[in-house]
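**Q** Pasting the sequence and the predicted model now:
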Amino acid sequence: MAQAFSFVAEGTEAAGAAVEVVTVPATVTCRDCGTASESTDQLAVCPRCGGANVEITGGDDLVLESVRYAQPTGRT
């Protein structure tokens, strides 16, 4: 996300702006042993049995929390 923002901001007043991305963990539920846990790994496996037969829910939210804009110096 931060790389995409840098790319589209290039050549605009937003060039050089910083983007802070906070990753929210997904819930990983093992279909084999029933264990539920959190993970930020897109290729998550069950931490209990090591199985890959998991259901991944959540963790894909995107919320724009705030935007701060300061007028460039020399402009009115």
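**A** Okay, I see it.
**Q** Look up the closest residue to the residue nearest in space to the middle of the chain, ignoring the ones flanking it.
**A** Taking Cα atoms, centre = their mean as the criterion, T23 is the residue nearest the geometric centre of the chain, at 3.9 Å. Distances taken as Cβ to Cβ, 6 or more residues apart in numbering put T40 closest to T23, at 5.1 Å, once the chain neighbours are dropped. Backbone N, C-alpha and C define where each C-beta goes, glycine included.
**Q** how near is that neighbour to T27?
**A** Using Cβ to Cβ, to the nearest Å, T40 is found at 11 Å from T27.
**Q** part of a helix, is E55?
**A** No. Secondary structure assignment (DSSP: H, G, I helix; E, B strand; the rest coil) places E55 in strand, not in a helix.
**Q** Name the nearest residue to it, sequence neighbours excluded.
**A** In space, E55 is closest to T29, 4.7 Å off (Cβ to Cβ, 6+ apart).
**Q** Tell me how many other residues surround that neighbour.
**A** Number of residues near T29 (other Cβ atoms under 10 Å) recorded here: 15.
**Q** Likewise for A14?
**A** 14.
**Q** And for V28, the neighbour number?
**A** Neighbours of V28 (other Cβ under 10 Å): 21.
**Q** I'd guess it is in a strand, am I close?
**A** Yes. The assignment for V28 is a strand, going by three-state DSSP.
**Q** Show me what it is bridged to.
**A** Note on V28: beta-bridge partners by DSSP bridges are S37, I56.
**Q** just checking, it touches T40?
**A** No. Contact between V28 and T40 fails when scored by Cβ atoms under 8 Å: they sit 10.1 Å apart.
**Q** quick one on the thing from earlier: tell me the contacts of the residue nearest to T23?
**A** Residues counted as contacts of T40 (Cβ atoms under 8 Å, 6 or more residues apart in numbering) are 23, 25-26, 59.
**Q** Please enumerate the helices of this structure.
**A** For the chain, applying DSSP state H gives helices covering 2-9.
**Q** Pass me the low-pLDDT residue ranges in it, would you?
**A** 72, 74-76 (pLDDT under 70).
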